[in-house]
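Enquirer: build the 3D model from these lines:
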Amino acid sequence: MQIEKKDIRGLTKEQLRNFFVTNGDKAFRGNQVYEWLWQKRAHTFEDMTNVSKETRAVLEANFVINHIKVDTIQRSEDGTVKNAVRLHDDLIVESVLIPTETRTTACVSSQVGCSLDCNFCATARLKRMRNLEPGEIYDQVAAIDNESRLYYDRPLSNIVFMGMGEPLMNYPNVMKAIDMITSTEGLGMSPKRITVSTSGIPKMIKKMADDEVKFKLAVSLHSAVEEIRNEIMPFTKNFPLIDLRESLEYWYRKTKSKITYEYVVWKGINDDKKSIDALVKFCKYVPCKVNLIEYNPIDDGIFQQATEEATNAYITALAKNNIVAKVRRSRGKDIDAACGQLANKS
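Expert: As a prediction, this is how the structure comes out:
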């Protein structure tokens, strides 16, 4: 029976060094291979040109490199680039490059499908097939960094975990990926340029605070009225607003990092005064800002973009209470580039 080879990128540098020592080689060989895997982004062991053929053969016999493959690339009229990313087991996820005049942002996925059941989200209609590995998350970022340099002549500047999946339901792998993305041995990006967006899992928000993460936190809130929130995001019945509020207060006490609330205003669902007042009240608990997001309908169902008047009513109420709010327009509409939980953000 053939033994399934392990993805070599699941090993730490120390584990790689130990592997070579155990196989009668020098420990520094592990450093060489580690650099090829992460900084030089080698796709095959044959790419490792300063490693002997004998060593490459040993690696080939023991490991694989489960790199992603960008299957198709679609470019929107507004410059947005959508990647259909094929994984080693032929499953597909999406990642998106979102350009503005001053920066390029990668929107990346953390799961194949999603663990949650938000009724407005296209990804939620796919069952969660598996979590992405750290290398698969890293590869999405590296691919978009290459595209940013190719299409916009500048390196990637920001990353948002707002693609397919709930990042906090794949916590260990997301954290390992971010460690490599921010490491000087990886992409060397500042954690302050990374935002992890969650639908609101209090226990995991507290864990992030305890782990003293340096990246930013965004919460897909969409309603600060319990019954409306439960209706549009049924899983939140297990995570009531009082628990979410407490976890966010804990986050801010520990990190002193302001929270971003992602919020879609839907016609006939949360476009009334009661919903506006509830959001204003919720925003006062913890320093925050609000992104009011234009919705990309996924069908002709109940979730439809609210009127501009309704959105403006939110903006006015938030401004009166000194809460920063911006309207984020959908990007890449002509290529249907929905970025995970919501529409693409500019």
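
Enquirer: for the rest of this, base every contact and every neighbour count on C-alpha atoms.
Expert: Noted.

Enquirer: can you pull the buried residues of stretch 254-269?
Expert: For stretch 254-269, a neighbour-count test (16 or more other C-alpha atoms under 10 Å) marks 254-255, 257-266, 269 as buried.

Enquirer: you'd agree Val141 is in a helix?
Expert: Yes. Using DSSP: H, G, I helix; E, B strand; the rest coil, the assignment for Val141 is a helix.

Enquirer: quick one, what contacts the spatially closest residue to it that is not a sequence neighbour?
Expert: Sequence neighbours aside, Ala106 is the residue nearest to Val141 in space, at 6.5 Å (criterion: C-alpha to C-alpha, 6 or more residues apart in numbering). Counting by C-alpha atoms under 8 Å, 6 or more residues apart in numbering, Ala106 touches 95-98, 141, 144-145, 156, 158-160.

Enquirer: turn the buried residues of stretch 254-269 into a markdown table, columns for secondary structure.
Expert: Converted to a markdown table, the buried residues of stretch 254-269 look like this (three-state DSSP):
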| residue | secondary structure |
| --- | --- |
| Lys254 | helix |
| Thr255 | helix |
| Ser257 | coil |
| Lys258 | coil |
| Ile259 | strand |
| Thr260 | strand |
| Tyr261 | strand |
| Glu262 | strand |
| Tyr263 | strand |
| Val264 | strand |
| Val265 | coil |
| Trp266 | strand |
| Ile269 | coil |
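
Enquirer: could these go into CSV alongside pLDDT?
Expert: Compiled in CSV, the buried residues of stretch 254-269 are given as follows (pLDDT from 0 to 100):
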residue, pLDDT
Lys254, 97
Thr255, 97
Ser257, 97
Lys258, 97
Ile259, 98
Thr260, 98
Tyr261, 98
Glu262, 96
Tyr263, 96
Val264, 94
Val265, 95
Trp266, 95
Ile269, 95
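
Enquirer: nearest to Ser220, of those residues?
Expert: Lowest distance from Ser220 to the buried residues of stretch 254-269 (C-alpha to C-alpha) belongs to Glu262, with 4.6 Å.

Enquirer: show me where the stretch 1-150 of the chain has strands.
Expert: Here the stretch 1-150 of the chain has its strands, by DSSP state E, counting those that start in this stretch, at 6-7, 63-64, 69-75, 81-86, 92-99, 104-107, 111-112, 130-131.

Enquirer: pairing partners for the last one, with directions?
Expert: Sheet pairing for strand 130-131, assigned by DSSP bridges, gives strand 111-112 (antiparallel).

Enquirer: touching the partner strand from outside, list them.
Expert: 91-93, 128-132, 164-167, 170.

Enquirer: again, only this time at 6 Å
Expert: Residues from elsewhere that reach strand 111-112 (C-alpha atoms under 6 Å, 6 or more residues apart in numbering): 128-132, 164-165.

Enquirer: and what of stretch 209-228?
Expert: 191-192, 194-200, 229, 251, 254, 259-264, 278-279.

Enquirer: ok, now stretch 160-176?
Expert: 107-111, 113-114, 133-134, 194-197, 339-340.

Enquirer: how about a cut-off of 7 Å?
Expert: 93-95, 106-115, 123, 131, 133-134, 194-198, 204, 339-341 (C-alpha atoms under 7 Å, 6 or more residues apart in numbering).

Enquirer: equivalent analysis for stretch 5-21, please.
Expert: 26-31, 34, 62-66, 135.

Enquirer: off-centre distance for the helix or strand in which Asn312 is found?
Expert: Taking DSSP states H and E as the definition, one finds Asn312 inside helix 308-320. Distance of helix 308-320 from the chain centroid (C-alpha atoms, centre = their mean, to the nearest Å) equals 28 Å.

Enquirer: that older thread, neighbour-wise, give me the winner out of the contacts of strand 111-112.
Expert: Gly165 (31 neighbours; other C-alpha atoms under 10 Å).

Enquirer: all strands for the stretch 201-346 of the chain, in order.
Expert: Assigned by DSSP E, counting those that start in this stretch, the strands in the stretch 201-346 of the chain fall at 216-220, 259-264, 288-293, 324-328.

Enquirer: output the contacts of Ala106 as JSON lines; include the columns neighbour count, pLDDT and distance to Thr80.
Expert: Output for these, formatted as JSON lines (neighbours: other C-alpha atoms under 10 Å; pLDDT from 0 to 100; distance: C-alpha to C-alpha, whole Å):
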{"residue": "Ser95", "neighbour count": "30", "pLDDT": "96", "distance to Thr80": "11"}
{"residue": "Val96", "neighbour count": "30", "pLDDT": "96", "distance to Thr80": "7"}
{"residue": "Leu97", "neighbour count": "28", "pLDDT": "96", "distance to Thr80": "6"}
{"residue": "Ile98", "neighbour count": "26", "pLDDT": "95", "distance to Thr80": "5"}
{"residue": "Val141", "neighbour count": "27", "pLDDT": "97", "distance to Thr80": "15"}
{"residue": "Ile144", "neighbour count": "27", "pLDDT": "96", "distance to Thr80": "11"}
{"residue": "Asp145", "neighbour count": "21", "pLDDT": "96", "distance to Thr80": "13"}
{"residue": "Leu156", "neighbour count": "26", "pLDDT": "97", "distance to Thr80": "13"}
{"residue": "Asn158", "neighbour count": "21", "pLDDT": "98", "distance to Thr80": "14"}
{"residue": "Ile159", "neighbour count": "24", "pLDDT": "98", "distance to Thr80": "14"}
{"residue": "Val160", "neighbour count": "22", "pLDDT": "97", "distance to Thr80": "15"}
